[in-house]
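> sequence and computational prediction follow.
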Amino acid sequence: MVEKARAPAWYWIVAVLAVIWNGFGCFDYVMTVTRNVAYLSAFPREYVAYLDTLPLWLVGFWALGVGGGLAGALLLLRRARLAAAAFGVSLLGLVVTSVYQWRDTEAPAISSADVAISVAIWLIALALLLFSLRMLRAGVLR
């Protein structure tokens, strides 16, 4: 049996923060697709109306993005090698949904806060994928 490398304390901090971050992404997804009135009341009406026009296949890729991210984070907690694959699936979902939204001429105007959130999502998704690959190579993930 191959002995796995010891996970440093900062590994666990990253894994827990990844669960919290991706858990919020899943919460946002569920509240949005179930049309939770209280949650959606914080968004502009035109944005909520736009959500109703999204094709089902795109909503599926959104689910892959947030679900893959949460799965990857939970797999980090288990120190499972499949974490990297899950983060890869998450990134695929992010790529497809982002490209669709950037190209959609009917999408509502975005604010600088929206751009900042999108940049943060991209940076964190890429960082988690790279982190999981590094931990896989280091033998922390089994």
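That came through, no problem.
> list the buried residues in the lowest-mean-pLDDT helix or strand in the chain.
Ranked by mean pLDDT, DSSP states H and E, the weakest helix or strand in the chain is helix 45-51, scoring a mean of 93. By neighbour count, and taking 16 or more other C-beta atoms under 10 Å as the criterion, the buried residues in helix 45-51 are V48, Y50. Placement of C-beta: from N, CA and C, glycine included.
> contacting residues around it?
By C-beta atoms under 8 Å, 6 or more residues apart in numbering, the residues outside helix 45-51 that reach it are T32, L40, E106, A107, P108.
> how about low-confidence regions in the protein?
1-4 (pLDDT under 70).
> and for stretch 121-130, what are the contacting residues?
Contact with stretch 121-130 is made by 18, 21, 25, 65, 69, 72-73, 84, 87-88, 90-91, 94, 98, as judged by C-beta under 8 Å, 6+ apart.
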